[in-house]
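Novice: just a sequence and a predicted model for now, questions to come.
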Amino acid sequence: MLRPPYTHYNRLYTYHLDLKNLPDIDDPDLIGTWIEDETAILFFHRPKERLVKSLCEASGAKIIYVADLDYTDWEAGREIGTFAVDGLTVAPVWEKTAADISLDPSVIFGSGFHPSTRLCLEGLLKYSASPEITIGTALDLGCGTGLLAIAAAKQGVARITACDNNRLACQVASANCQANGVQDQVTVLEADLRRRCPDTRVDLVMANLYKGLMLELFENPDFWQARLYLLSGFISGMEEDLLAALPQNGITFLERRRNDRWCSWVLLRE
């Protein structure tokens, strides 16, 4: 996350260590850390060879990979700036412009520039404004920066639970909710969906997830308790397997959208 004196992201210095448990790191240049597949990834604004070397010596860890890259490279070459979807404007915190949502994208996915996130945002705005469907509660699985949860709150959804298994994502999402004044509507929960699915007895489930995890959720009866489902995170070549895994009864396919190769579905449980 951005902390003083930093107001934007320029260079990213990342260090990948074979370490499952990181000690607290008190450094003014730290952006954040996360654990992924028993690997610790550390993100800094500046090079930190000496600090990382000391950390490895103290823990017995080894450096697996080091990268120095431009922030736009981390964002797949996309320049992060203000954008609008159906009248809702989203701006990064370093752009001092009037916007409905001000977002610190950090190094977390879900900033709104990836096609799957954009598809979810479009679907959320469409169905939350529909007079035929009342959405008072929502669940955001794989919340990333918290963008979709914040947008749902801005659309009048009273209670949203936003879940991610990445601790840094949860920290960033919580900070973004606070900055946008929706912290009373959004509860951020750190949860591994492979082990436990949060309560889906809500009006809307938003899930922007990878195919393997989506298939696991489809097989879990507890996943199918919501009224409306907004699903993305998969490309067109994955749809056949996902379609085959849907429940045979009680699910109506309302809409399919596509952006580039990425797809989104809207499903209604009857």
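Specialist: Received the coordinates, thanks.
Novice: all helices for the stretch 151-270 of the chain, in order.
Specialist: Remark: helices assigned in the stretch 151-270 of the chain by DSSP state H, counting those that start in this stretch are 167-179, 211-218, 239-245.
Novice: highest mean neighbour count out of the ones you listed?
Specialist: Comparing these by mean neighbour count (mean count of other C-beta atoms under 10 Å), helix 167-179 ranks first with a mean of 21. No exception for glycine: its C-beta is placed from N, CA and C like everyone else's.
Novice: dump the helices of the stretch 151-270 of the chain to TSV, plus distance to residue 1 and mean pLDDT.
Specialist: As requested, those are exported to TSV (distance: least, C-beta to C-beta, whole Å; pLDDT from 0 to 100):
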stretch	distance to residue 1	mean pLDDT
helix 167-179	6	96
helix 211-218	25	96
helix 239-245	34	96
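Novice: reformat these as CSV; add distance to residue 226.
Specialist: Converted to CSV, the helices of the stretch 151-270 of the chain look like this (distance: least, C-beta to C-beta, whole Å):
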stretch, distance to residue 226
helix 167-179, 20
helix 211-218, 11
helix 239-245, 17
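Novice: ok, which of those comes nearest residue 34?
Specialist: Shortest distance between residue 34 and these, using C-beta to C-beta, is found for helix 167-179: 4.6 Å.
Novice: before we move on, the earlier item: ok, which of the helices of the stretch 151-270 of the chain comes nearest residue 266?
Specialist: So among the helices of the stretch 151-270 of the chain, helix 239-245 is nearest, using C-beta to C-beta, at 13.7 Å.
Novice: now the closest one: how far from the chain's centre is it?
Specialist: 23 Å (C-alpha atoms, centre = their mean, to the nearest Å).
Novice: who wins for proximity to residue 60 among the helices of the stretch 151-270 of the chain?
Specialist: The nearest among those, by C-beta to C-beta, is helix 167-179 at 22.2 Å.
Novice: what's the closest one in contact with?
Specialist: 1, 32-35, 93, 102-104, 106-110, 143-147, 149-150, 153, 162, 164, 183, 186, 188-190 (C-beta atoms under 8 Å, 6 or more residues apart in numbering).
Novice: same question, stretch 153-161
Specialist: By C-beta under 8 Å, 6+ apart, stretch 153-161 touches 88, 100-101, 124-125, 128-129, 135-140, 149, 152, 177, 180, 182, 185-187, 189, 198-199, 202-204.
Novice: from the residues you listed, which would you call buried?
Specialist: Among those, those buried by neighbour count (16 or more other C-beta atoms under 10 Å) are 88, 100-101, 124-125, 128, 135, 137-140, 149, 152, 177, 180, 182, 185-186, 198, 202-204.
Novice: and the residues you listed, which of them are in strands?
Specialist: 88, 101, 137-140, 186, 204 (DSSP state E).
Novice: return the member of those residues nearest to residue 230.
Specialist: Ranked by distance to residue 230 (C-beta to C-beta), these are led by residue 204 at 6.6 Å.
Novice: spit out the contact partners of the residue nearest to residue 110 when sequence neighbours are not counted.
Specialist: Using C-beta to C-beta, 6 or more residues apart in numbering and skipping the chain neighbours, the partner closest in space to residue 110 is residue 144 (2.4 Å). Residues counted as contacts of residue 144 (C-beta under 8 Å, 6+ apart) are 108-111, 117, 164, 169, 172-173, 208.
Novice: so where do the strands sit in this structure?
Specialist: Here the chain has its strands, by DSSP E, at 11-17, 30-36, 39-44, 63-70, 83-85, 88-92, 101-103, 137-141, 159-164, 186-190, 204-208, 228-235, 251-259, 262-269.
Novice: show me the two of the contacts of residue 144 that sit farthest apart.
Specialist: The distance between the two most remote of the contacts of residue 144 (C-beta to C-beta) is 15.4 Å, for 172 and 208.
Novice: so which of the helices of the stretch 151-270 of the chain comes closest to residue 82?
Specialist: Of all those, it is helix 167-179 that lies closest to residue 82, at 15.4 Å by C-beta to C-beta.
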